[in-house]
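Student: Using only what follows, build the 3D model:
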Amino acid sequence: MFSLASIALVKAMKIIVEDFCKWTGQRVNFSKSQIMFGKVVRHPLRKKITKVFGFNMVKEMKYLGVNISLRRPKVADFQELLSNVMDRLNAWCKKSLSLGGKLILIESSLLSMPNFLITHSLVPKRVLHELEKLCRNFIWHKNDGTKGMHSVAWEEICKPSCLVGLGLHSPLLRLGSLRSKLALNFLQKPDSLFHRTMKCMYGGDIMCEAQKNGNSSAWRILLHGGRLLKNAVRWRIGKGDRISVLNDTWLLDKCINRWPTYVNCEFLEGVYVQQLLMSNGEWNSVVLQLAFHPDLIILISKISIENKEEDRVELLNWCSGKIVSALVYEHLVFIAVLMRRSGSSIGY
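Tutor: Numbers count the residues shown, from 1 in each chain. Below is the predicted model of the structure:
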């Protein structure tokens, strides 16, 4: 539970919990219950609230395996994950495994172990680099434990088979693709308590909003996922008040500012789709003729509008049967390959 640090609110919450216990016959386990305070809560108030609840006061806690803390995550916080990986590797090294067998074990077991953690917490990249290092060594080291030559670069191994790779999923690339699933869920459920709470605190535009100092970990994770989600979704037009004409994808599979010489960019700068519509929800042909090439106007006119509904996002390749994280990962791999060929650095 989350609440403002107030004695009155705490007493009200305690009454609610006690009533729930009476109705259900359940009891609060005080030995497992903990309470954590923000930095601005003074020590005397902390002691009073702790006394009312009877819980242990802690500086950090674990919930569903995710560390909840007010400080920045450190590598030491994820030592348990690396230790579990090492334990599995030590058990596998005692067996005589072929290269194919090692790859199957890595993909099905090792690389899937951190998925939940990296989706829901800000994992330092050093942890993911260390995980990749352990996987590389397991592939190329000999069965007797001696070092072997790394015949193929890790980046080549992580390419999909269609690009002459072995199809392993890099944790660094998977990081953003897994978070994009959270971002899509956030956008598709505007009436949820989580969405309404985060929107009041930070706003709801997770696909364009820039990260700022002081943002919570949850909001940073959503922004990271939203930034990458933008490459896998497009907007279904309702009222049109949330869709930027130039910067959002709402026509075919790319945003308007990537279409060559077909639009009047100066006229459309800062314009939303709502401004291209008439009051009855139909396209305003006069405005369209001022801004777009005739060929684009034909395409735009074919888009159906749900003018009484809110704008919502949908997957670009929904008919492929792939989930959003798979679509985003494919896009990231494609971009990574292009960046390496051009010699540019890659950002995740």
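Student: how much space between Gln34 and Thr50?
Tutor: Using Cβ to Cβ, to the nearest Å, one gets 10 Å for the distance from Gln34 to Thr50. For the C-beta atoms, the positions are set from N, CA and C on the backbone; glycine is no exception.
Student: what touches both of the two?
Tutor: Contact criterion Cβ atoms under 8 Å, 6 or more residues apart in numbering; residues shared by Gln34 and Thr50: Asn56, Met57.
Student: quick one, helices of the protein?
Tutor: For the chain, helices defined by DSSP state H occupy the ranges 7-24, 43-53, 79-93, 99-105, 115-120, 125-140, 154-157, 171-188, 193-202, 217-229, 265-268, 285-291, 294-301, 324-342.
Student: Helix 171-188 and the longest one, what's the angle between them?
Tutor: Taking axes from the mean of the first three to the mean of the last three Cα atoms, to 10 degrees, helix 324-342 and helix 171-188 form an angle of 140 degrees between their directions.
Student: contact partners of helix 324-342?
Tutor: Contacts with helix 324-342, where a contact means Cβ under 8 Å, 6+ apart, come from 155, 158-160, 163, 169, 173-174, 176-178, 180-181, 184, 228-229, 231-233, 315-317, 320, 322, 345-346, 348.
Student: that older thread, switch the helices of the chain over to TSV; also include mean pLDDT, mean neighbour count and distance to Asp311.
Tutor: Formatted as TSV, the helices of the chain follow (pLDDT from 0 to 100; neighbours: other Cβ atoms under 10 Å; distance: least, Cβ to Cβ, whole Å):
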stretch	mean pLDDT	mean neighbour count	distance to Asp311
helix 7-24	87	12	36
helix 43-53	84	14	42
helix 79-93	87	14	39
helix 99-105	86	14	43
helix 115-120	87	18	26
helix 125-140	89	17	34
helix 154-157	84	16	38
helix 171-188	88	22	10
helix 193-202	87	13	14
helix 217-229	88	22	15
helix 265-268	80	14	17
helix 285-291	88	14	18
helix 294-301	87	13	16
helix 324-342	80	18	18
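Student: what about these, which gets the closest to Pro73?
Tutor: Closest approach to Pro73 among these is made by helix 217-229 (8.0 Å; Cβ to Cβ).
Student: Residues contacting that closest one, please?
Tutor: Residues outside helix 217-229 that contact it (Cβ under 8 Å, 6+ apart) are 73, 119-122, 175-184, 186-187, 198, 201-202, 206-207, 209-211, 215, 313, 324, 328, 331-332.
Student: cool, stretch 35-55 as well?
Tutor: In contact with stretch 35-55 (Cβ under 8 Å, 6+ apart) are residues 5, 7, 10-11, 14, 30, 33-34, 56-61, 68, 70.
Student: any idea how far the closest residue to Arg312 other than its chain neighbours is from Ile323?
Tutor: Sequence neighbours aside, Arg236 is the residue nearest to Arg312 in space, at 5.3 Å (criterion: Cβ to Cβ, 6 or more residues apart in numbering). Distance, Arg236 to Ile323, by Cβ to Cβ: 19 Å.
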